[in-house]
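J.: only geometry, no sequence info:
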């Protein structure tokens, strides 16, 4: 028994905010580990996604959860779901 109006599960990714300098937009870097097909070694691969941050609450260094959505602009296809952990921005002086 299947229902017709069920929305498919949206893709979600967890990453680190690398830039919050644009208005209502953040750049999120998502890292993943992939096995090399020939040498069977694990490689670290990163992808950068632009996500919509309506309230501009995320800042650089935050760990965030983003989800896929309909295109918002030419390059934005993701929205900020929630901030998992805030960045610890304690600045120490050199003296």
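T.: Structure received. All of these numbers come straight from a predicted model, not from anything done at the bench. Residues are numbered from 1 along each chain as shown.

J.: which strands and helices lie in contact with whichever helix or strand residue 26 is part of?
T.: Take DSSP states H and E as the rule and residue 26 turns out to sit in strand 25-35. Applying 3 or more Cβ pairs under 8 Å, 6 or more residues apart in numbering; DSSP states H and E, one finds that strand 25-35 makes contact with strand 12-22, strand 42-52, strand 63-68. C-beta here means a position set from N, CA and C on the backbone, and glycine is covered the same way.

J.: any idea of the mean pLDDT in it?
T.: Within the predicted structure, the mean pLDDT of strand 25-35 is 97.

J.: next: stretch 80-89.
T.: Predicted confidence along stretch 80-89 averages 91 (mean pLDDT).

J.: just to revisit the earlier point, need the winner for burial among the helices and strands packed on strand 25-35.
T.: For those, the stretch with the most neighbours on average is strand 63-68, a mean of 18; neighbours defined as mean count of other Cβ atoms under 10 Å.

J.: partners of the helix or strand following that strand, with directions?
T.: Where DSSP H and E defines the elements, the next helix or strand beyond strand 63-68 is strand 78-85. As defined by DSSP bridges, the strand partners of strand 78-85 come to strand 42-52 (parallel), strand 63-68 (antiparallel).
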